[in-house]
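A.B. asks: Here is my input; please provide its structure:
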Amino acid sequence: MTESWVLDSYAVLALLQEEPGSDEVLQRLEQAQQGEARVLMTWINVGEVVYIVERERGKSMVHRVLGMLEATALEIVDAGRDLTLLAAEIKAKHPLAYADAFAAALAIQERATLITGDPELRQMEGRVRIHWLPRAS
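C.D. replies: Numbers count the residues shown, from 1 in each chain. From the prediction side, this is the model:
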């Protein structure tokens with residue numbers, strides 16, 4: 001059975017900024033490219049990456065980042081009814097960002113491991129398998 005991974009914005013931003021853990025994110029994307037794993041992300045989390053990149057680096061960088069993400073084997077998932085309702089349930093029970101609730105919901109829905117370094121997601125341990133990236137210093 002192919003292993004499944006979910007990326008949140010923290011993981012993608014770590015990759016883009018070559019922060020600690022970026023090699024792990026790149027390795028998962030390479031595994032997906034070779035058909036050895038599935039790597040998923042919601043459009044909600046992509047949107048979070050986009051607004052951060054635009055705010056910090058400008059609109060031209062957004063187009064480069066989107067092109068890079070869409071050129072990989074990353075499966076970008078629409079926030080349909082079931083995923084949105086699961087994310088809403090998570091958000092109602094846990095004080096975390098709404099986008100983080102979508103990443104957690106996708107990991108639950110797909111029985112995948114969430115890749116993150118966001119400490120806000122610690123409260124989801126036990127409900128979501130999490131692979132922790134090292135924190136930037």
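
A.B. asks: got a list of contacts for the lowest-mean-pLDDT helix or strand in the chain?
C.D. replies: Within the chain, no helix or strand scores below helix 59-71, which has a mean of 93 by mean pLDDT, DSSP states H and E. Residues from elsewhere that reach helix 59-71, judged by Cβ atoms under 8 Å, 6 or more residues apart in numbering: Val12, Leu16, Met41, Val46, Val49, Val50, Val53, Glu54, Ile76. All C-beta spots, glycine's among them, are computed from the backbone N, C-alpha and C.

A.B. asks: Let me know whether the first one touches Ile52 as I believe.
C.D. replies: No: with contacts counted by Cβ atoms under 8 Å, Val12 stays clear of Ile52, the gap being 9.5 Å.

A.B. asks: Neighbour count for those two, which is higher?
C.D. replies: A direct count of neighbours by other Cβ atoms under 10 Å for Val12 and Ile52 places Val12 higher, at 25 against 16.

A.B. asks: you'd agree Arg111 is up against Ser4?
C.D. replies: Yes: judged on Cβ under 8 Å, Arg111 makes contact with Ser4 at a distance of 6.7 Å.

A.B. asks: okay, these two: which has more neighbours?
C.D. replies: Ser4 (19 against 9).

A.B. asks: so the more buried one makes contact with Thr113?
C.D. replies: Yes: here Ser4 reaches Thr113: they are 7.2 Å apart, a contact under Cβ under 8 Å.

A.B. asks: Switch the contacts of helix 59-71 over to TSV; also include distance to Gly117, pLDDT and secondary structure.
C.D. replies: Formatted as TSV, the contacts of helix 59-71 follow (distance: Cβ to Cβ, whole Å; pLDDT from 0 to 100; DSSP: H, G, I helix; E, B strand; the rest coil):
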residue	distance to Gly117	pLDDT	secondary structure
Val12	11	97	helix
Leu16	14	95	helix
Met41	15	98	strand
Val46	18	97	helix
Val49	14	97	helix
Val50	19	97	helix
Val53	17	97	helix
Glu54	22	97	helix
Ile76	21	97	strand
